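Asker: Got a predicted structure plus its sequence, pasted below:
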Amino acid sequence: MLQAITGWHQDEEGDWVAELACGHGQHVRHTPPFRQRAWVLEENGRRQFLGFELNCRICDGDDIYLVDW
């Protein structure tokens with residue numbers, strides 16, 4: 001289910017997590033050469049993606065993402 005990004009925070013390891021309108025979070029990482037998302041490293045880049053929709057797998061009912069580490 002598509003959900004808009006409403007904010008950002010860093011997890012305990014310093015990776016960026018998109019805060020979604022549904023209340024869930026989704027990591028957005030820049031890990032070249034696999035994922036080219038350099039924009040997530042800068043505040044201005046993250047700000048430009050506010051309102052952008054990501055697919056929330058938890059809202060889709062994918063229980064594997066509900067694991068509490």
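Answerer: Cool, got the structure.

Asker: give me the number of residues near Leu20?
Answerer: Leu20: 22 surrounding residues under other CB atoms under 10 Å. For every residue, glycine as well, the C-beta is placed using N, CA and C.

Asker: which residue sits closest to it in space, ignoring its chain neighbours?
Answerer: Nearest non-adjacent residue to Leu20, counting by CB to CB, 6 or more residues apart in numbering: Gln3, 4.0 Å away.

Asker: Strand partners (parallel or antiparallel) of the least confident helix or strand in the chain by mean pLDDT?
Answerer: In the chain, no helix or strand scores lower on mean pLDDT, DSSP states H and E than strand 25-27, which sits at a mean of 94. Sheet pairing for strand 25-27, assigned by DSSP bridges, gives strand 16-20 (antiparallel).

Asker: quick revisit: what sits up against the least confident helix or strand of the chain?
Answerer: 9, 11, 15-20, 54, 56 (CB atoms under 8 Å, 6 or more residues apart in numbering).

Asker: Quick check: pLDDT value at the residue located most distally from the centre of the chain.
Answerer: Distance from the centre of the chain peaks at Pro33, with 18.7 Å (CA atoms, centre = their mean). Looking at Pro33, its pLDDT is 88.

Asker: backbone phi and psi for it, please?
Answerer: Per-residue torsions, Pro33: phi -90, psi 0 (degrees, to the nearest 10).

Asker: Kindly provide the distance from it to Asp60.
Answerer: Here Pro33 is placed at a distance of 28 Å from Asp60 (CB to CB, to the nearest Å).

Asker: and what of Thr31?
Answerer: Taking CB to CB, one finds Thr31 at 23 Å from Asp60.

Asker: Same check on Trp39?
Answerer: Distance of Trp39 to Asp60, given as CB to CB: 25 Å.

Asker: quick one on the thing from earlier: show me which positions of the least confident helix or strand of the chain end up buried.
Answerer: 25-26 (16 or more other CB atoms under 10 Å).
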